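Colleague: Only the shape, not the letters, is given here:
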């Protein structure tokens, strides 16, 4: 997959500076709550953007859905008193209109909005002619193309102050997290659009205060460009997502404990690293040759099965392979899940190739 996204240079420079920190309550509930939280956050110079939910798209009706336009003057006051840039979520063109009216600095498209290209296009159309910064959260489902499509739609409207927000993905399997981080997806987004800053949202990934440090550190270790963390003056009484919000003082402790690692080492280290990487490149070449040879033999087996009218899947053989390879892998120190997943991918490709071979029998 390739894409051409125009990102403003001022934003791409974020990738070479200290992590961008965005903080503020899940929801703007009262003027006092918003102002007090902002004043406390202002004590930490590492925080540069104040976030707050104004319109809250909830999963089910009856939950607190935000204060709406009433909260926008509160955020204007925060901007005036603290100097913070202000970020809010928009979910329809009317929200964009009101955000611009109250001089909001940054808009973001939420995970539920990004799922629908129709919604994204309506918002993108409303953004035409503006020069505002827009952050686009990943969709709730693990679909990279959908995420990139939303970024492309907004960019096509003339917006080049763009950032992505990695907030995790809905996942049916049991997990300690509210949303599975699935790090491979934002990493692939970085590969496809290298200039695009990606901000990780540990609050929505974890859903729990106690896991915020772990995910925040992992995000920085994987070269994500910043963090968005929900902070409330009194999380215990928060009207939405109370379990994942932390006080400004707790946020300071979290940031103090993060290790900001360098992207490059000294020349001696870089030289040693380059030698090891060259060795990996050689081994990868050998691995690919072995894999190609394995698939050639798979094709030969497929031809034999076609000629002798044998089924593709031999369950007894497959079960034996799994037992044997996992046993060997354990002795070699390979992680069982990693090896099992790898064997499944290879087996899936073998079935696809043999299916193609068997189907050739019926073609003229």
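Modeller: Thanks, I have it. All values derive from a computational prediction rather than experimental measurement.
Colleague: thought residue 49 was touching residue 83?
Modeller: No: assessed by C-beta atoms under 8 Å, residue 49 is found out of contact with residue 83, at 10.9 Å. Quick note: C-beta positions are derived from backbone N, CA and C, even for glycine.
Colleague: The two: which is more packed in?
Modeller: Neighbours per residue, other C-beta atoms under 10 Å: of residue 49 and residue 83, the larger number sits with residue 49, 21 against 10.
Colleague: Surely that one is within a strand?
Modeller: Yes: counting by DSSP: H, G, I helix; E, B strand; the rest coil, residue 49 falls inside a strand.
Colleague: Enumerate the beta-bridge partners assigned to it.
Modeller: Taking DSSP bridges as the rule, residue 49 bridges to residue 22, residue 85.
Colleague: per-residue pLDDT, it?
Modeller: Note on residue 49: pLDDT of 97.
Colleague: Where does the prediction get shaky in the stretch 51-200 of the chain?
Modeller: Where the stretch 51-200 of the chain drops to pLDDT under 70, the residues are 58.
Colleague: where do the helices sit along it?
Modeller: Along the stretch 51-200 of the chain, the stretches classed as helices by DSSP state H, counting those that start in this stretch are 72-82, 93-101, 111-114, 117-127, 144-156, 184-192.
Colleague: From the chain's centroid, how far away is the third one?
Modeller: Meaning helix 111-114. In this view, helix 111-114 has its centroid 13 Å away from the chain centroid, taken as C-alpha atoms, centre = their mean, to the nearest Å.
Colleague: Tell me the buried residues in it?
Modeller: For helix 111-114, the buried set under the neighbour-count rule, 16 or more other C-beta atoms under 10 Å, comprises 111-114.
Colleague: What is the nearest of the residues you listed to residue 255?
Modeller: Nearest to residue 255 out of these is residue 111 (C-beta to C-beta; 24.6 Å).
Colleague: Would you mind stating the distance between the closest one and residue 73?
Modeller: Here the criterion is C-beta to C-beta, to the nearest Å. By it, residue 111 lies 27 Å from residue 73.
Colleague: which residue of this structure sits farthest from its center?
Modeller: Distance from the C-alpha centroid of the chain peaks at residue 308, with 48.6 Å (C-alpha atoms, centre = their mean).
Colleague: okay, that one: pLDDT?
Modeller: On pLDDT, residue 308 comes in at 91.
Colleague: and what of the one 10 residues further on?
Modeller: Reported pLDDT at residue 318 in the predicted model: 91.
Colleague: For it, which non-adjacent residue is closest in space?
Modeller: residue 347 (6.6 Å; C-beta to C-beta, 6 or more residues apart in numbering).
Colleague: quick revisit: kindly reformat the helices of the stretch 51-200 of the chain as TSV containing distance to residue 231.
Modeller: Shown next, in TSV, are the helices of the stretch 51-200 of the chain (distance: least, C-beta to C-beta, whole Å):
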stretch	distance to residue 231
helix 72-82	13
helix 93-101	21
helix 111-114	20
helix 117-127	26
helix 144-156	26
helix 184-192	22
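Colleague: Just say which of the ones you listed is most tucked in.
Modeller: Mean neighbours per residue, mean count of other C-beta atoms under 10 Å, is largest over the helices of the stretch 51-200 of the chain for helix 111-114, with a mean of 23.
Colleague: Going by contacts, tell me the helices and strands next to it.
Modeller: For helix 111-114, the contact count by 3 or more C-beta pairs under 8 Å, 6 or more residues apart in numbering; DSSP states H and E identifies helix 117-127, strand 133-137, helix 144-156 as packing neighbours.
Colleague: Swap in 10 Å and give it another go.
Modeller: The contact analysis (3 or more C-beta pairs under 10 Å, 6 or more residues apart in numbering; DSSP states H and E) places helix 111-114 against strand 85-90, helix 117-127, strand 133-137, helix 144-156.
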